[in-house]
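Undergrad: pasting the sequence and the predicted model now:
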Amino acid sequence: MTPDATPTPLDAAAAGPEGLRLFGGGGGGGGTTIIAWGQRIAHPRFRQPPGNSLPLIDAAYARGYDGVELDVQLSSDDVLVLIHDHTLDATTDLSGPVARLTAEELGRVPLKDPWCGEPTCIAPLSVALAHNGARGPVMVDMYHSDPRHVGALRRSVATAGFDHRRLILLTHSNAGGLALKAAFPEAVVLLKARHDAFPPGLTSDFAYQAAGLDGVLVPIANFKDSVIAFRLVTRRLGLKLAVYMHDGDMEALRRLEELGVDYVTSYTLDRAARAG
C-alpha cells in the first residue's frame, strides 16, 4: 500500500452468519483449521480492528476464520492481557513495559487505532476467552511458561469458563510446553519456531524437539519441500503440523491443505476468492 493510499473498509458483516469455513476446520471437523493472526486479520490495505482486541475476534469469525490467535503479556498483578509486545510503545500512545501496570490500569489504556469511532482498550485474556466462547479454538502465544505465567493462564481460563479443549497453546521451549501440557492436558500445545527461522536453516529435525507435546508451528508456508518433509516427520511422531503464513493468497492456503497441514495461522483469508 502506498503511503497516501486510503485503506478499503473491511466488510466483515457481508461474510454472512455461517462464516466461511475454508476446509471444514474449526478444530473438530477435519481438514485444515485456519487461525486468524492476532495482529491483523486481513491485508493492511483493509481498515480493520486493532490487533489483539475484542472487535478483532468478531471480525475474524465474520470474515470466515475458524479460530483466532491472541498474544498475551503479564500485568504487574499477574493477569494476562492482550498485547503483542512486552512494552506499550508500538500499539498505544504510552511507553514503557506492560508489566509496570496493573490489569485495571491497562484496561484504561486505549489502543492506537479506534474502531467504528470508539476507543478500544487493552483487555484481559479472560474477557477475550469469554467473548470468543464456543465459536472456535483460541491460539494463545505464551512467550513465557514459568509458574507465574502458567498460573495466570489457569486463572484466565477458569474465570472465563473456557473449554480447555478449544485451547491451542504456543510455547517457545520444550520445558515450557511440558508445563503447559501438565496444566492443560486436553489443550493442543505446539512448539513454535522463531518467526525468522526459515529453511534451509530450519529443518524437519525441529519436530523432534516437540517430544511430549502435540506438534510444531513453523514458518515454512513458502517452502513446499519443507512442508512435505515436516508432514512426513510429524506424522511419524504422531504430531500436528501448524504453519504460519503471513503472505500469499487463497491458492497458497489450499496448497497447504492439500499437503495435510493441520493448522495455518494467517491474515490472508479472502472471502471473495474463497467462493470460487
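TA: Perfect, thanks for sending it.
Undergrad: give me the element the residue nearest to the spatial centre of the chain is part of.
TA: In the chain, the C-alpha closest to the average C-alpha coordinate belongs to residue 69, at a distance of 1.9 Å (Cα atoms, centre = their mean). Here residue 69, judged by DSSP states H and E, is contained in strand 67-74.
Undergrad: list the strands paired with that strand, with their directions.
TA: Using DSSP bridges, strand 67-74 pairs in its sheet with strand 33-36 (parallel), strand 80-82 (antiparallel), strand 138-141 (parallel).
Undergrad: in whatever helix or strand comes next after the second one, what counts as buried?
TA: Same thing as strand 80-82. Where DSSP H and E defines the elements, the next helix or strand beyond strand 80-82 is helix 103-106. By 16 or more other Cβ atoms under 10 Å, the buried positions in helix 103-106 come out as 103, 106. The way it works is simple: take the backbone N, C-alpha and C, and place the C-beta from them, glycine included.
Undergrad: CA-only coordinates of helix 103-106, as CSV, when you get a sec.
TA: The C-alpha trace of helix 103-106 is given here as CSV (Å, rounded to 0.1, in the frame of the first residue of the first chain):
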residue,chain,number,x,y,z
ALA,A,103,-4.7,-5.1,34.7
GLU,A,104,-7.1,-2.5,35.8
GLU,A,105,-4.8,0.3,34.8
LEU,A,106,-4.1,-1.4,31.4
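Undergrad: residue ranges for the strands of the chain, please.
TA: Ranges of strands in the chain, per DSSP state E, are 8-9, 33-36, 46-47, 67-74, 80-82, 138-141, 167-171, 188-192, 215-218, 240-245, 263-266.
Undergrad: of those, which is nearest residue 121?
TA: Nearest to residue 121, of all those, is strand 80-82, at 9.8 Å by Cβ to Cβ.
Undergrad: next one: that closest one to chain centre, how far?
TA: 13 Å (Cα atoms, centre = their mean, to the nearest Å).
Undergrad: how about stretch 214-223?
TA: 14 Å.
Undergrad: list the buried residues of that stretch.
TA: In stretch 214-223, counting by 16+ other Cβ under 10 Å, buried: 214-221, 223.
Undergrad: C-alpha coordinates for that stretch, PDB please?
TA: Extracted in PDB, the C-alpha atoms of stretch 214-223 (Å, rounded to 0.1, in the frame of the first residue of the first chain):
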ATOM      1  CA  ASP A 214       1.200 -32.100  20.400                       C
ATOM      2  CA  GLY A 215       3.000 -30.600  17.500                       C
ATOM      3  CA  VAL A 216       5.000 -27.700  16.000                       C
ATOM      4  CA  LEU A 217       4.300 -24.300  14.500                       C
ATOM      5  CA  VAL A 218       6.800 -23.400  11.800                       C
ATOM      6  CA  PRO A 219       7.200 -20.600   9.200                       C
ATOM      7  CA  ILE A 220       7.500 -22.800   6.100                       C
ATOM      8  CA  ALA A 221       4.500 -21.800   4.000                       C
ATOM      9  CA  ASN A 222       6.500 -20.800   1.000                       C
ATOM     10  CA  PHE A 223       8.700 -23.900   1.100                       C
END
